[in-house]
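In: quick check, what structure comes out for this input:
(chains A and B)
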Amino acid sequence: MNPLLLWFHKLGSPPYFYRLAGRFLPWLYAIALISGVVGLYGGLVIAPADYQQGDSFRMIYVHVPCAWMSLFVYAFMAANSFVALVWRIKLSETLAMASAPIGAAFTFITLVSGSLWGKPMWGTWWTWDARLTSELVLLFLYLGVIGLYHAIEDTRQAARAAAFLALVGVVNLPIVHYSVVWWNTLHQGQTVSLMGQSKISSSMLWPLLTMAFATHVYFFASLLARARAALLALESGKDWVRGIAQARQANAHG
Amino acid sequence: MAEFFHMGGYGAYVWAAYAVFAIALIADALTPLWQRRGTLRDIAARLRRDASRDGTIKSRPSGTEDQTQ
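Out: Numbering: from 1, shown residues only, chains lettered A, B, ... in the order given. The predicted model follows:
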């Protein structure tokens, strides 16, 4: 086996992953927090007010990064679900199930912040626009995955059933992304694009990209923290977990 | 400063959006901490029970073993 494959194999072992994730966690939280503060300062203070929307546009600095994350996290969850179903790797099941609540949180923030912008700009909290509706379906998919996972007693069987649902839900991702292109509805089209020119001034763009970076790093921090907690519960009978529990107890009573 | 919080008349909407963002992510960040603490406490309690039931031999808790991986 080549070294990379060997490392990948090692990474799949829960005690090794637990230790490695624990070492990365504080750094990820710190990077997410610092870049988040920089991005918010840029968005709330440095960026000029929009010429049409005034200061109300400033909610994009939470709305747009969270909307991107709602799709990114789903894709991540689906990819891990695929690996979990095909190769039955315990760590992939754990990662897929750990990403669901984080994705649901990002989707929830997207919907609420969008609603808070829609009221003054569109004159309504909610409309059955294609983008809004498909994003709501995305939230229900996340909640479905979480609900199914908790409804089945055996954790590993539950993870596989929920992973299957997550894979089926992938069909919604292109619908969310292209909804503003396919249907001529209220929600505006995309302003920022990976390929080609973004239709936004750079003083407004850099805080947005900084926030996108911060939310990505935050996702991986939260993912590792959740995966660590889930692995402890999943392997509670194993020696390495008993060792951690005993060491903690000794510390608490020592 | 007051002007900053006023946000050109959209203050309530903008700050509410940021509040939801902060509250949702703080709750998300705290959940794994609580989960991990709860799990470790349960395991420690089980180990103590096992130890007091069988003072000499530390028996493995039954039904929790998964030797497949």
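In: ok now the strand or helix carrying A:S134, how far from the chain's centre?
Out: Secondary structure from DSSP states H and E places A:S134 in helix A:130-151. Helix A:130-151 sits 13 Å away from the centroid of its parent chain (C-alpha atoms, centre = their mean, to the nearest Å).
In: contacts for the helix or strand following that helix next, please.
Out: Downstream of helix A:130-151, the next assigned helix or strand under DSSP H and E is helix A:155-168. Contact with helix A:155-168 is made by A:74, A:77-78, A:80-82, A:84-85, A:88, A:90, A:93-94, A:96-97, A:100, A:141, A:144-146, A:148-152, A:233-234, B:66, as judged by C-beta atoms under 8 Å, 6 or more residues apart in numbering or on different chains. The way it works is simple: take the backbone N, C-alpha and C, and place the C-beta from them, glycine included.
In: buried subset of these, written for PyMOL?
Out: Buried residues within the contacts of helix A:155-168, by 16 or more other C-beta atoms under 10 Å in any protein chain shown, are selected in PyMOL with:
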select buried, chain A and resi 74+77+78+80+81+82+84+85+90+93+94+96+97+100+141+144+145+146+148+149+233+234
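In: the residue of the stretch 101-250 of chain A found nearest chain B in helix, strand or coil?
Out: Among all residues of the stretch 101-250 of chain A, A:G237 sits closest to chain B, at 3.1 Å; criterion: C-beta to the nearest C-beta. Three-state assignment for A:G237 (DSSP: H, G, I helix; E, B strand; the rest coil): coil.
In: low-scoring stretches of the stretch 151-254 of chain A, by residue?
Out: For the stretch 151-254 of chain A, the stretches with pLDDT under 70 are A:194-197, A:253-254.
In: mind listing the helices for it?
Out: With DSSP state H, counting those that start in this stretch, the ranges of helices along the stretch 151-254 of chain A come out as A:155-168, A:172-182, A:202-234, A:239-253.
In: residue contacts, the nearest residue to A:W117 once chain neighbours are set aside?
Out: Spatially, and ignoring its direct neighbours in sequence, A:W117 is nearest to A:M59 (4.9 Å; C-beta to C-beta, 6 or more residues apart in numbering or on different chains). A:M59 sits next to A:113, A:116-117, B:13-14, B:17-18 when contact means C-beta under 8 Å, 6+ apart.
In: picking up where we left off before, from B:D50, how far off is the residue of the stretch 101-250 of chain A closest to chain B?
Out: For A:G237, the distance to B:D50 equals 11 Å [C-beta to C-beta, to the nearest Å].
In: would you mind measuring from A:I146 to A:A104?
Out: Distance of A:I146 to A:A104, computed by C-beta to C-beta: 7 Å.
In: cool, and A:T110?
Out: As judged by C-beta to C-beta, A:T110 and A:A104 stand 11 Å apart.
In: who has more neighbours, the two?
Out: Ranked by neighbour count (other C-beta atoms under 10 Å in any protein chain shown), A:T110 and A:A104 place A:T110 first, with 26 against 23.
In: hang on, the more buried one packs against A:C66?
Out: Yes: judged on C-beta atoms under 8 Å, A:T110 makes contact with A:C66 at a distance of 4.6 Å.
In: residue numbers of the stretch 101-250 of chain A in contact with chain B?
Out: A:101-102, A:105, A:108-109, A:112-113, A:116-117, A:119-120, A:156, A:218, A:221-222, A:225-226, A:228-230, A:232-237, A:241-242, A:244-246, A:248-249 (C-beta under 8 Å from any C-beta of the partner chain).
In: about what we covered before: which one of the helices of the stretch 151-254 of chain A lies closest to A:T133?
Out: Nearest to A:T133 among these is helix A:172-182; the distance by C-beta to C-beta comes to 8.0 Å.
In: residues in contact with that closest one: which ones?
Out: Residues contacting helix A:172-182 (C-beta under 8 Å, 6+ apart): A:70-71, A:74-75, A:130-131, A:134-135, A:137-138, A:141, A:185, A:187-190.
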